[in-house]
Each structure stands twice: as C-alpha cells, then as structure tokens.
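Undergrad: One predicted model, sequence on top.
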Amino acid sequence: MKQGLNIFIAILLAFPSLVFAHEIDGAGGFTSGFSHPVLGFDHLLAMLSVGILSAQMGGKAIWKVPATFVVVMLFGGVLGMKGIDFISVELGIVFSVLALGIAIAANKQLPAFVAMIFVGFFAIFHGHAHGTEMPYLAEPMLYALGFVVGTAVIHIAGVVIGSTLVKFKGGQQLLRLLGAGISGVGFHMLVM
C-alpha cells in the first residue's frame, strides 16, 4: 500500500502537467464543476491547505478563512466568465500551493483578517480558472454550484485533518511537515 502511494506521488512529481485541472471535457453540469477542484491536484492541495491553515488558527478562523476563499473564488469566477483577463492564472494557482504550504509549515498565528486577505488573493485565481470555462459549458449554473460544493468539501476535509492532528502530541509538528511537503510540491510545479 505504502509503495503504491509512493509510486503515485513520484509520478505526479515527475509529470506535474498531469495535476492541472484546466481542461474542458465537453461536459458542463454539477459533476464537471465538482470534479474540477477535486481532481485537479493543484486546486486540491491549495484548498486542503486553506482548511488546514484555518484549523491551525482555530476559533472563528475555522469557518471565516474557508468562507472567504469560497466567496472571493466566486467573484474570480464571475470575472473569468465575463472574459476579464488575468496575467498568468496558472502561475497564481501554483504559487498558492507554494505559499499556503509555507504558511502551514511556519505555523504562525496570523490574525484572521490577514489570513482572509491572504487566501482571498489566491481564491481569485482559482475562481478565474473555473469561470473562464463556464461560458463554454452547457449548464454554467450547475457547473458553478459544483465547483463551490467541491471547494467546500475540500476545505472541510482540510479542517478535519488539521483539527484532528492538532489534538495529538506531535500533531503540530506533523502539520508543519505536511505544509513543507505541500510547499515542495508547489515549488516543483512552479519550476516545471
């Protein structure tokens, strides 16, 4: 089992283009929208990181930080749907993986407002990537609902991971190592 996971991770690291979710498959409903953040490794890592970061912060940040990401992502989606161009959306998404991983690894208690601005900045890029695909899809509202629900599910998974690990002895250290790993994957995506 562990060897299979190691092979899977090695393949993703060797071929980072496999992890980007920004291809249109012709379908356009809820399932397509839901699968975009879930199956796109770059989105998945960034959104898990938002949940983990909010769990590290604790308190009201557990829901405020991920909620900010979702709301700002929707705004970015509207901008993408309207055809408002951004410079290097892919680079912004990849940089979000790197930066969020570093934030988890640093384990610094940011004020919730600062964390909300931090994740909101990256959410625009994630939303824009989703939004640029919506006009070409048959059911854009269902697609949008799908990517919002997919994002929320990933955030919740990150919160569960973070909240569970902080309860155990050595859990914070494990989260820091996880953050370092996520930032390493982000760095690899950035240079490839």
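TA: Yep, it's here. Numbering: from 1, shown residues only.
Undergrad: And A105, how far from G40?
TA: The spacing between A105 and G40, counted by C-beta to C-beta, to the nearest Å, is 22 Å. Bear in mind the C-beta positions are built from the backbone N, C-alpha and C, glycine included.
Undergrad: Tell me which of the two has more neighbours.
TA: When neighbours are counted by other C-beta atoms under 10 Å, G40 comes out ahead of the other of A105 and G40, with 22 against 18.
Undergrad: Now T132. Nearest residue, chain neighbours left out?
TA: The shortest distance from T132 to any non-neighbouring residue, by C-beta to C-beta, 6 or more residues apart in numbering, is to G80 (4.0 Å).
Undergrad: now the residue in the chain sticking out farthest from the centre, what's its secondary structure?
TA: Going by C-alpha atoms, centre = their mean, the residue of the chain most distant from its centre is K169, 27.0 Å out. When classified by DSSP: H, G, I helix; E, B strand; the rest coil, K169 comes out as coil.
Undergrad: So for it, what's the pLDDT?
TA: The score at K169 is 88. That number is its pLDDT.
Undergrad: next one: I7
TA: Predicted confidence (pLDDT) for I7: 51.
Undergrad: where does the top helix by length along the chain sit relative to the chain's centre, distance-wise?
TA: Taking DSSP state H as the criterion, the chain has its longest helix at helix 140-166. Put simply, helix 140-166 sits 9 Å off its chain's centre (C-alpha atoms, centre = their mean, to the nearest Å).
Undergrad: Helix or strand next in line after it, which one?
TA: Scanning forward in sequence from helix 140-166 by DSSP states H and E, the next helix or strand is helix 171-191.
Undergrad: my guess is T31 contacts G146, does it?
TA: Yes. Counting by C-beta atoms under 8 Å, T31 touches G146, with 6.4 Å between them.
Undergrad: more neighbours, these two?
TA: The neighbour comparison of T31 against G146 (other C-beta under 10 Å) goes to G146, with 23 against 13.
Undergrad: ok, for that one, nearest residue in space, not its chain neighbours?
TA: G33 (2.5 Å).
Undergrad: check which helix or strand covers the one you found.
TA: Assigned by DSSP H and E, G33 falls in helix 30-39.
Undergrad: What's the first helix or strand after that helix?
TA: helix 41-57.
Undergrad: okay, the angle between that next one and helix 30-39?
TA: 70 degrees (axes from the mean of the first three to the mean of the last three C-alpha atoms, to 10 degrees).
Undergrad: what about whichever helix or strand comes after helix 41-57, average pLDDT?
TA: Counting by DSSP H and E, the next helix or strand C-terminal to helix 41-57 is helix 61-81. Helix 61-81 comes out with an average pLDDT of 94.
Undergrad: and helix 61-81, what other elements does it pack with?
TA: helix 41-57, helix 112-133, helix 140-166 (3 or more C-beta pairs under 8 Å, 6 or more residues apart in numbering; DSSP states H and E).
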